[in-house]
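Trainee: have a look; sequence and predicted model below, questions after that.
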Amino acid sequence: MTTQQSHGWAAYVGVGSNLESPREQVEQAISAIAQMEGCFLVAKSSLYRSEPMGQVDQADFINAVVAVQTVLDPRTLLAKLQGIEQDQGRVRDGEHWGPRTLDLDLLMHGSSVIDEPGLTLPHPGIALRNFVLLPFAEIASDVVIPELTDVATLARKIGTSNPAIEKLAQ
């Protein structure tokens, strides 16, 4: 785990929704993250619409990535993010890649590399998801993902067709 600097850590959070007004769910979650004690919102990406992964008989997702500066350790930050999900009606029913009102994924926390029950950093699917990499590259293209490479390089390789994705007009 990374040693905390005096100003905290840079952390990146993937935000997604495809139920109950997804655009509003994402915008409300970003606002909640910005107001979270122990965090300062540094940047937010544009919104992207993407087809769902896995189970395709569901609505498209709205996705974004936010950068925060935080004094919270990874587990505390994850717990607070899960609290926001719950506040916005997220029901964890064990369905993988199913529809959801809100999905907040802790993508990175400083340069931490963690593989523990309930917490894996960097996020295990980060290099395989265009709906994460494209918005991530928009706000932090030079960030190096531990044990991988920089976000810009991964984003260039991923493409926009699997799943299909488009940047939304603001």
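Mentor: Yes, it's here.

Trainee: now Leu134, what's its secondary structure?
Mentor: helix (DSSP: H, G, I helix; E, B strand; the rest coil).

Trainee: also Val42?
Mentor: Under three-state DSSP, Val42 falls in the strand class.

Trainee: from memory it sits against Ala34, does it?
Mentor: No: judged on Cβ atoms under 8 Å, Val42 makes no contact with Ala34 at a distance of 9.8 Å. Where you see a C-beta, it was placed from the backbone N, CA and C, and this is true even at glycine.

Trainee: so what's Ala11 closest to, chain neighbours aside?
Mentor: His109 (4.6 Å; Cβ to Cβ, 6 or more residues apart in numbering).

Trainee: repeat for Gln88
Mentor: Leu102 (4.5 Å).

Trainee: so how many other residues sit close to the one you found?
Mentor: The local packing of Leu102 (other Cβ atoms under 10 Å) involves 24 other residues.

Trainee: same check on Asn18?
Mentor: Asn18 - counted by other Cβ under 10 Å - has 23 other residues nearby.

Trainee: for it, phi and psi?
Mentor: phi -140, psi 20 (degrees, to the nearest 10).

Trainee: for this protein, what spans make up the strands?
Mentor: 9-17, 39-44, 48-50, 61-70, 103-109, 114-116, 119-121, 165-167 (DSSP state E).

Trainee: in CSV: those strands, plus distance to Gln28, mean neighbour count and mean pLDDT.
Mentor: Output for the strands of the chain, formatted as CSV (distance: least, Cβ to Cβ, whole Å; neighbours: other Cβ atoms under 10 Å; pLDDT from 0 to 100):
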stretch, distance to Gln28, mean neighbour count, mean pLDDT
strand 9-17, 9, 25, 97
strand 39-44, 13, 17, 97
strand 48-50, 17, 22, 96
strand 61-70, 12, 24, 97
strand 103-109, 12, 24, 96
strand 114-116, 28, 11, 96
strand 119-121, 25, 18, 96
strand 165-167, 20, 16, 94
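
Trainee: these into CSV, with extra columns for distance to Ser141?
Mentor: Output for these, formatted as CSV (distance: least, Cβ to Cβ, whole Å):
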stretch, distance to Ser141
strand 9-17, 12
strand 39-44, 11
strand 48-50, 15
strand 61-70, 11
strand 103-109, 14
strand 114-116, 24
strand 119-121, 20
strand 165-167, 15
